[in-house]
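# when you get a sec, could you give me coordinates for this:
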Amino acid sequence: MIESLKKKLIVSCQAWPGTPFYGDPRLIRAMAESAYNGGAGGIRANGEDDILEIKKNIPLPIIGIYKLPDKGGKTIITPDFESAKKLADAGADIIAIDATIEARPDTEELKQFIHQIKTELGISVMADISNLEEAIRAETSGVDIVATTMAGYTPYTTKTDGPDLDLIESLVKKVKIPVIGEGRFSKPEEVNDAINLRGAHSVVIGTAITAPWEITNRFVRAI
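Reported below is the predicted structural model:
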């Protein structure tokens, strides 16, 4: 499953409160079907309802996430085993978790969480990280993939203008597992750079493809 995503574009098909697509899994399925028709090699989706709907007629691997509050009330990506099980039961092929030190400071708990997902659910785990230290920690904790999803979104990392291509290159050199580029990709040349020059396994794009209001606003700002 992971190998099938190599040098492919993964489209993040999600919606959030206040946007036209939010609350209707059928609209998310239409979004994912559009990505499939355009040649995407995988989908990233949030929650079991959207994944179940996408799985009805879209034959692509799905990276499942669940944005929910953790014990402290902060929303993070797949905070517990219960949420991971719902994703697996819905048909997710890979489960992504927040593996930042900010969200999961206890390395032993991180290891146990990853081990539980892999052994009890029999599914691969992707770690959303923000820097090299977190990627190495995630790899030694047992994840199968690391992704730069959180780079620039933790208090101790800098938000780059566009994707953090230097971080991708550093990860590829330091970890043995596949590295997926994610976060602020908006141009085809950035995807080409990440995969063909920096060595990323694949790239995830969300807003630049699946948020028409944001795409429209880019053109409006140009005027």
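# which elements pack onto the worst-scoring helix or strand of the chain on mean pLDDT?
When each helix and strand of the chain is scored by mean pLDDT, DSSP states H and E, strand 67-69 comes last, with a mean of 90. Here strand 67-69 touches strand 75-77, going by 3 or more C-beta pairs under 8 Å, 6 or more residues apart in numbering; DSSP states H and E. Heads up, the C-betas are built off the backbone N, CA and C, glycines and all.
# buried sites along the strand it packs on?
Under the neighbour-count criterion of 16 or more other C-beta atoms under 10 Å, strand 75-77 has 76-77 buried.
# show me how far that strand is from its chain's centre.
12 Å (C-alpha atoms, centre = their mean, to the nearest Å).
# what sits up against that strand?
Residues outside strand 75-77 that contact it (C-beta atoms under 8 Å, 6 or more residues apart in numbering) are 65-70, 96-98, 103, 128, 149.
# next up, the contacts around D144.
With contact taken as C-beta under 8 Å, 6+ apart, D144 is in contact with 2, 94, 124-126, 177-178.
# again, only using 6 Å
Residues counted as contacts of D144 (C-beta atoms under 6 Å, 6 or more residues apart in numbering) are 124-125.
# per-residue confidence for it?
For D144, the pLDDT comes out at 98.
# relative to I195, how far out is it?
D144 is 19 Å from I195, where distance means C-beta to C-beta, to the nearest Å.
# circling back: may I see the buried residues of the least confident helix or strand of the chain?
Per 16+ other C-beta under 10 Å, strand 67-69 contains these buried residues: L68.
# what of stretch 165-175?
Within stretch 165-175, the residues scored as buried using 16+ other C-beta under 10 Å are 165, 167-172, 175.
# stretch 195-209 too?
Using 16+ other C-beta under 10 Å as the test for burial, stretch 195-209 gives 195, 198, 200-206, 208-209.
# in CSV: those residues, plus pLDDT.
Formatted as CSV, those follow (pLDDT from 0 to 100):
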residue, pLDDT
I195, 98
R198, 98
A200, 98
H201, 98
S202, 98
V203, 98
V204, 98
I205, 98
G206, 97
A208, 96
I209, 97
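# closest to N217 out of those?
Using C-beta to C-beta, A208 is the member of these that lies nearest N217, at 11.7 Å.
# how about the secondary structure of that closest one?
Secondary structure for A208, judged by DSSP: H, G, I helix; E, B strand; the rest coil, is helix.
# what about the closest residue to it other than its chain neighbours, how many residues nearby?
Once flanking residues are discounted, A208 sits nearest to S186: 4.1 Å by C-beta to C-beta, 6 or more residues apart in numbering. For S186, the neighbour count with other C-beta atoms under 10 Å is 15.
# hmm, S186 is touching T207, no?
No - assessed by C-beta atoms under 6 Å, S186 is found out of contact with T207, at 7.9 Å.
# how about E182: what's its closest non-neighbour residue?
Using C-beta to C-beta, 6+ apart, the closest residue to E182 is V204 (3.9 Å).
# need the contact list for that neighbour.
Applying C-beta under 6 Å, 6+ apart, we find V204 in contact with 10, 12, 44, 182.
# chain center to whatever helix or strand D50 lives in: distance?
Taking DSSP states H and E as the definition, one finds D50 inside helix 48-55. Mean-position distance between helix 48-55 and its chain equals 16 Å (C-alpha atoms, centre = their mean).
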